[in-house]
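[1] Got a sequence here, can you build the structure:
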Amino acid sequence: MQLPEDFVRLMQEQYGDDTAHALCQALTETEPEVSIRLNPRKGQPLIIDNINTEPVPWCPDAYYLQERPAFTFDPLLHAGAYYVQEASSMYIAELLRKYFIADSKSRKTLNSQLSTLNSGSNVVALDLCAAPGGKSTLLAGLLPEGSVLISNEPMPKRAQVLSENMQKWTRMAEGEYPVRCIVTQNYPADFAAFTDTFDLLVTDVPCSGEGMFRKDEVAVKDWSLENVDLCWHRQREILQDIWHTLKPGGLLIYSTCTFNHFEDEDNARWICDTLGAELLEERHFLPGRDRGEGFYCAAIRKNSKIQDSKLSTFNFQLSTLNVMPPAFVVEPDMPRVELNYSEALQYLRREAIRVPAPRGMVLLCYKGYVLGPGKCVGNRINNLYPEQWRIRTTYTTPFTLSD
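    From the prediction side, this is the model:
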C-alpha cells in the first residue's frame, strides 16, 4: 500500500521524522490489532482462558487477542457477551474515570450530583455519532444505575446496525438493564429542544479516516488535503449545532480516528476558545508507537457550574426525536431453552429449531446468555430472531471464543 505523499509530508511536519516514519511503516507493513471488551453487566464471566489475551491497560474488561477469531460465528458475540472494539477508542473509559466518575480532584469542581454518581444519581448522556456502537456499549457499561443514554446515528443503515448492537449489549435475561438506553436516528440540528440537557456529550465526529488506513484501502484512496479541510469545517458545524445541549459544567468527549492536527488539536482549542470550555486532557494514539489504530480524544469541560438532571423535561423533549423501537422485548418470566453450538447457529441463521421445550413463547440461550425469542408449537420452535440480524452464510469455523 502506497500512502499519499501529502499525508506523509503532513505527518513529518506534525510529529517529526522518526515518529512519522514509524507511523507510516506500521500503516503499510503491519496488521491491525484485534481487541474485545467484555460486557460487565451480563452477570456471567466469559471464558477466554483458552486463547492468548493481554489486558488493554486503559479499559477494564478489555483484552488484546493474538489472532482474530471468526466473530460472526460466535453465539456469544450475538448474545452481547462481548464487543469487538478497536483498543485505542476504549481510552474514553479512562477519560470518564478521571473526569466524570471517580476522580476526587474533578469532583471538587462539580456539585453533589457527580460526587454521588456511584450511588445511583441520574446522568443523562448523548453519544451523537454512535454507530456501530463501540462507544455506546462502553458508556452503557460505565454509567451509574438510573442513568439515561441516547445513542444517535443519522444515517439509516448505520442506525440499524447501532440499534442491533445496543439491543444485544443491553438485553437482559432477568429484570431491566440498569441504564436506560435509547437509540435515535437524527441529525445534530434535530436536538434543538435539548438545551442544557446532557451531563455528558460524546462526539466521535465524521473525519478523514486516517486511522482506517491499515484496515481499508478505500480510505487511503479517498484521502486528500481537500477532504481534510472539508472535514474539520464540518466537525465545527456539528459541534456548533449540538453545543447548547451540553449543560454548563458538563463534559464533552471529542474524538476522531485521524492523526492530523486540523481535525484534532486545532478543533479542541477552537471548542475551548470559541464555544467556551476548558481542555482537561487530550491524547493521540499512533500505530508504530501505541498498540491500536489511529485515534484522537479530548476531555473538555464546558464553562460554568453543572446543573441537576431534569428527567421529566427530558422525556418531553424525547418526543421530538426519531426513536428506533426494539426488535423484540425479553420478558423475564419466559421459559429458557439452552442450545448447543450447532443449534445456536441454526437459530442465528433463523432456521427452525427442534429441541424439547414447553409450548408457547420461550427464550433461546447459549451458555446461559439469551440469544432471542422463539415460539414452541409442539415438535418445533418457530424462530423469531429478527430477519435483519440473521447470519446469512452457511460457512462455519472451529475457532471462536465460544470454544
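
[2] G250 against F194, yeah?
    No: using C-beta atoms under 8 Å, G250 makes no contact with F194, being 11.9 Å away. In this view, the C-beta of every residue, glycine as well, is placed from N, C-alpha and C.

[3] who has more neighbours, the two?
    G250 (25 against 21; other C-beta atoms under 10 Å).

[4] quick one, what contacts the more buried one?
    198-201, 301-302, 306 (C-beta atoms under 8 Å, 6 or more residues apart in numbering).

[5] For PyMOL, what selects the buried ones among the residues you listed?
    Applying 16 or more other C-beta atoms under 10 Å to those leaves a buried subset, and the PyMOL line that selects it is:
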select buried, resi 198+199+200+201+301+302+306
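
[6] Output the contacting helices and strands for the helix or strand S151 falls within.
    Assignment of secondary structure by DSSP states H and E places S151 within strand 148-152. Contacts defined by 3 or more C-beta pairs under 8 Å, 6 or more residues apart in numbering; DSSP states H and E place strand 148-152 against strand 124-127, helix 134-142, strand 180-184.

[7] so which of those comes closest to W223?
    Proximity to W223, assessed across those by C-beta to C-beta, is greatest for helix 134-142 (22.3 Å).

[8] nearest spatial neighbour of P32, skipping sequence neighbours?
    The spatially closest residue to P32, leaving aside those adjacent along the chain, is R214, at 4.9 Å (C-beta to C-beta, 6 or more residues apart in numbering).

[9] just to revisit the earlier point, give me the contact list for the following helix or strand past the strand holding S151.
    Next in sequence after strand 148-152, counting helices and strands by DSSP H and E, comes helix 156-170. Residues from elsewhere that reach helix 156-170 (C-beta under 8 Å, 6+ apart): 39, 78-80, 83, 130-133, 136-137, 140-141, 151, 153, 177, 179, 181, 183-185, 324, 326-327, 386, 388-389.

[10] Without its sequence neighbours, what residue ends up closest to G211?
    G294 (2.6 Å).

[11] If you could redo that for E338, that was the one I meant.
    C365 (5.3 Å).

[12] likewise D196?
    K247 (4.9 Å).

[13] surely that neighbour meets F198?
    Yes: if you go by C-beta under 8 Å, K247 and F198 touch, sitting 6.4 Å apart.

[14] which one is P188 nearest to, not counting chain neighbours?
    Distances taken as C-beta to C-beta, 6+ apart put D241 closest to P188, at 3.9 Å, once the chain neighbours are dropped.

[15] Measure how buried that neighbour is and give me the count.
    16.

[16] Surely it forms part of a helix?
    Yes: D241: assigned to a helix according to DSSP: H, G, I helix; E, B strand; the rest coil.

[17] Distance check, it against Y187.
    8 Å (C-beta to C-beta, to the nearest Å).

[18] now do I101
    29 Å.

[19] Please say which of those two ends up with more neighbours.
    Ranked by neighbour count (other C-beta under 10 Å), I101 and Y187 place I101 first, with 19 against 14.

[20] before we move on, back to that, sitting in strands, which of the contacts of G250 do you find?
    Secondary structure from DSSP state E places 198-201, 301-302 of these in strands.

[21] With pLDDT added, can I get those in a markdown table?
    Formatted as a markdown table, the ones in strands among the contacts of G250 follow (pLDDT from 0 to 100):
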| residue | pLDDT |
| --- | --- |
| F198 | 95 |
| D199 | 95 |
| L200 | 97 |
| L201 | 98 |
| R301 | 97 |
| K302 | 97 |
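
[22] nearest to R171, of these?
    Nearest to R171 among the ones in strands among the contacts of G250 is L200, at 23.1 Å by C-beta to C-beta.

[23] any idea how far that closest one lies from N152?
    13 Å.

[24] Give the intersection of the neighbour lists for the two.
    By C-beta under 8 Å, 6+ apart, the residues touching both L200 and N152 are L126.

[25] Now do the same contact list for A87.
    A87 is in contact with 33, 35, 56, 59, 62, 64, 291-292, counting by C-beta under 8 Å, 6+ apart.

[26] typo on my end, it should be L27
    L27 sits in contact with 1, 3, 213-214, 287-288, where contact means C-beta under 8 Å, 6+ apart.

[27] Secondary structure element holding it?
    helix 17-29.

[28] Show me which parts of that helix are buried, residue by residue.
    20, 23-24, 26-27.

[29] Can I get that helix in PDB, CA atoms only?
    What follows is helix 17-29, C-alpha atoms only, in PDB (Å, rounded to 0.1, in the frame of the first residue of the first chain):
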ATOM      1  CA  ASP A  17      10.800  12.300  11.000                       C
ATOM      2  CA  ASP A  18      11.200   9.400  13.500                       C
ATOM      3  CA  THR A  19       7.600   9.200  14.700                       C
ATOM      4  CA  ALA A  20       6.200   9.800  11.200                       C
ATOM      5  CA  HIS A  21       8.400   7.000   9.800                       C
ATOM      6  CA  ALA A  22       7.300   4.600  12.500                       C
ATOM      7  CA  LEU A  23       3.700   5.500  11.900                       C
ATOM      8  CA  CYS A  24       3.900   5.100   8.100                       C
ATOM      9  CA  GLN A  25       5.800   1.900   8.400                       C
ATOM     10  CA  ALA A  26       3.100   0.500  10.800                       C
ATOM     11  CA  LEU A  27       0.300   1.500   8.400                       C
ATOM     12  CA  THR A  28       1.900  -0.100   5.400                       C
ATOM     13  CA  GLU A  29       3.700  -3.200   6.800                       C
END
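
[30] Identify the bridge partners of the closest residue in space to F100 that isn't next to it in sequence.
    Beyond its immediate neighbours in the sequence, the residue positioned closest to F100 (C-beta to C-beta, 6+ apart) is L251, lying 5.1 Å away. Beta-bridge partners for L251, by DSSP bridges, are L200, R301.

[31] I'd say L251 and I300 touch.
    Yes: using C-beta under 8 Å, L251 is in contact with I300, at 7.3 Å.
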